[in-house]
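J.: please work out how this folds:
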Amino acid sequence: MVLKKLFFLFVIRPLLLIFGGMRVSGSTLPTRGPAIVIANHNSHLDALALLSLFPLETLPRVRPVAARDYFCSTPLRQFISRYLIGILPIDRRPRSHHARPLEPLLNALERGEILIIFPEGSRGDPGELRPFKSGFAHLAKKRPDVPVIPVQLRGTDRALPRNEALWVPFVLEVQIGKPHYFSKTVSEFTQEIEGVYLHQEPLPSKRFPASD
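T.: Down below sits the predicted model:
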């Protein structure tokens, strides 16, 4: 995972600072796993922005959960996704009814990793929150001891819009919520986490530091 550290230290973090930086508010991200980070999703910049907030020594254990059919579709895309970003690829359309889609995620949590999950699925329309899928809640049900941290991203849809390759200078805002733990039912927990985004208000912000 040395490549991942170098990629974020010398490429992603400098770019974020040059093109506007980030303002972070609320709680703090975990530095140790197992943990599940939930975030809204409007841009390919979302995962990069989140990953850049973790200390370099933590980065190898932070795994954005992503669709295998898209992010591993070509050799170049697979190299960037797996070795520079460190995704945990999953199959969106299992070929068998006996498939266990949560198993790779549970194994990652057992290894003490931090998962980044975008419960909306694919990228939505700019500034709009799509209904959450319940996969993360099923995962949390199996590991009720693992904290689920909701994070709201703002500005990524303007800095790197969907279907665009040009990074536009724009200040990004990241609001980190308090940890939640599974309780009640899968449906209720899904609604609980989704409700954090629907009712979240902006907090006083601070600028993202240039280094650890």
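J.: tell me the contacts of residue 1?
T.: The contact partners of residue 1, taken as CB atoms under 8 Å, 6 or more residues apart in numbering, are 59, 60, 86. (Each C-beta comes from the backbone N, C-alpha and C, glycine too.)
J.: which secondary structure state does the second one sit in?
T.: Read it as residue 60. Following DSSP: H, G, I helix; E, B strand; the rest coil, residue 60 is assigned to helix.
J.: tell me the pLDDT of the spatially closest residue to it that is not a sequence neighbour.
T.: Nearest residue to residue 60, sequence neighbours excluded (CB to CB, 6 or more residues apart in numbering): residue 1, at 3.5 Å. Residue 1 carries a pLDDT value of 72.
J.: so how far is residue 158 from residue 1?
T.: 31 Å (CB to CB, to the nearest Å).
J.: do residue 21 as well
T.: Taking CB to CB, one finds residue 21 at 14 Å from residue 158.
J.: just give me the residue right at the centre of the chain.
T.: residue 116 (3.6 Å; CA atoms, centre = their mean).
J.: what sits against the residue nearest to residue 110 when sequence neighbours are not counted?
T.: Closest residue to residue 110 apart from its sequence neighbours, by CB to CB, 6+ apart: residue 34 at 7.3 Å. Neighbouring residues of residue 34 by CB under 8 Å, 6+ apart: 108, 109, 110, 111, 112, 113, 114, 115, 143, 146.
J.: the same query, at a cut-off of 6 Å, please.
T.: By CB atoms under 6 Å, 6 or more residues apart in numbering, the contact set of residue 34 is 109, 112, 146.
J.: ramachandran coordinates for the last one?
T.: The reference is to residue 146. As for residue 146, its main-chain torsions (degrees, to the nearest 10) stand at phi -90, psi 130.
J.: and the gap between the residue nearest to it when sequence neighbours are not counted and residue 147?
T.: In space, residue 146 comes closest to residue 34 once its chain neighbours are excluded; the distance is 4.8 Å by CB to CB, 6+ apart. Distance, residue 34 to residue 147, using CB to CB: 8 Å.
J.: likewise residue 7?
T.: Residue 7 is 27 Å from residue 147, where distance means CB to CB.
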